[in-house]
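A.B. asks: Give me the fold of what follows.
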Amino acid sequence: MTADATAADVLARLAELEDPKMRAVNERHGDDHGVNLTKLRGVAKELKTQHELALELWATDDTAARLVAILVAKPKSFDAAELDAMLREARAPKVRDWLVNYVVKKSPHREELRLAWLDDADPHVAAAGWALTADVVAKRPELLDLDALLDEIEREMKGAAAPLQWEMNTCLAMIGIHHADRRDRAIAIGERLEVLKDYPTPPNCTSPFAPAWIGEMVRRQGATA
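C.D. replies: The predicted structure follows:
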């Protein structure tokens, strides 16, 4: 794959990398593509940053192509309306995740979009708002009312739709991990609501259950202090 490749060239290369077994694994998570992500990243690395190509790849509505598009785009070249439309168009969880983490978080519009998305009726859009909020909890907490955030999590997380619940839980864990003065309350909320308490977690991985997640990360911080 060369830097002057066209969208058709990229699609052809991704088709060559398609693996039926990988597709079966990905489809269990809602991602309709069969390209190994390390190989997909390799394609993007060869292409380097190409914003116009990224727009063409996004327009194909192909999940693997959209993942490449995210990696070769210029995050600061999108306006807020474009990013909002892209999030709403995204069908696959991995596309939404990468869009938020690799593009929106690097955008000058990230705070505007975070606030706009938090209470959106679409749970996937609202989940993106909460994912951005979890990042702010760790990096710019002065923008937030952490107590009000805990109130909302305590009130809404248990009954939230799955993608929204996941990101609210992440936000809860980030509060407990990064803010010692709210840690006991964050743990207590997690213990009471029991969200993701029984989530299957592979050996040597941290459980997403907030009290366990908080405890493990605080333990690690203590070990490296």
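A.B. asks: Just to check, residue 50 is in contact with residue 71?
C.D. replies: No. Taking contact to mean CB atoms under 8 Å, the distance of 10.2 Å between residue 50 and residue 71 leaves them out of contact. Heads up, the C-betas are built off the backbone N, CA and C, glycines and all.
A.B. asks: Show me the shaky parts of the chain.
C.D. replies: 223-225 (pLDDT under 70).
A.B. asks: Repeat the analysis, applying 80 as the threshold.
C.D. replies: Residue ranges of the chain with pLDDT under 80: 1-3, 223-225.
A.B. asks: what's the distance between the residue most central in space within it and residue 124?
C.D. replies: The chain has residue 97 as the residue nearest its centroid, 3.1 Å off, counting by CA atoms, centre = their mean. Applying CB to CB, to the nearest Å, one obtains 11 Å for the distance of residue 97 from residue 124.
A.B. asks: What of residue 173?
C.D. replies: Shown here: residue 173 relative to residue 124, a distance of 20 Å by CB to CB.
A.B. asks: Measure how far the host helix or strand of the residue nearest to the centre of the chain is from the centre of its chain, please.
C.D. replies: Residue 97 is located in helix 93-98, with elements delineated by DSSP states H and E. Relative to its chain's centre, helix 93-98 lies at 6 Å (CA atoms, centre = their mean, to the nearest Å).
A.B. asks: Need the contact partners of that helix.
C.D. replies: For helix 93-98, the surrounding residues in contact (CB atoms under 8 Å, 6 or more residues apart in numbering) are 26, 29-31, 63, 66-67, 70-71, 87, 90, 124, 127-128, 163.
A.B. asks: among the residues you listed, which ones are buried?
C.D. replies: Applying a neighbour-count criterion of 16 or more other CB atoms under 10 Å, the buried members of the contacts of helix 93-98 are 26, 31, 63, 66-67, 70-71, 87, 90, 124, 127-128, 163.
A.B. asks: For residue 205, which three-state class applies?
C.D. replies: In three-state terms, and counting by DSSP: H, G, I helix; E, B strand; the rest coil, residue 205 is coil.
A.B. asks: Residue 108 touches residue 76, doesn't it?
C.D. replies: Yes. Using CB under 8 Å, residue 108 is in contact with residue 76, at 6.2 Å.
A.B. asks: So what does residue 48 look like in phi/psi?
C.D. replies: As for residue 48, its main-chain torsions (degrees, to the nearest 10) stand at phi 60, psi -170.
A.B. asks: and it, how many neighbours?
C.D. replies: A count of neighbours around residue 48, defined by other CB atoms under 10 Å, yields 10.
A.B. asks: Touching, it and residue 72? I think so.
C.D. replies: Yes. Using CB under 8 Å, residue 48 and residue 72 qualify as a contacting pair, with a distance of 6.9 Å.
A.B. asks: Look up how far residue 201 lies from residue 55.
C.D. replies: According to CB to CB, residue 55 stands 38 Å off from residue 201.
A.B. asks: Just say helix, strand or coil for the closest residue to residue 7 other than its chain neighbours.
C.D. replies: Leaving aside its chain neighbours, residue 7 sits nearest to residue 56 (4.1 Å; criterion: CB to CB, 6 or more residues apart in numbering). On the three-state scheme (three-state DSSP), residue 56 is labelled helix.
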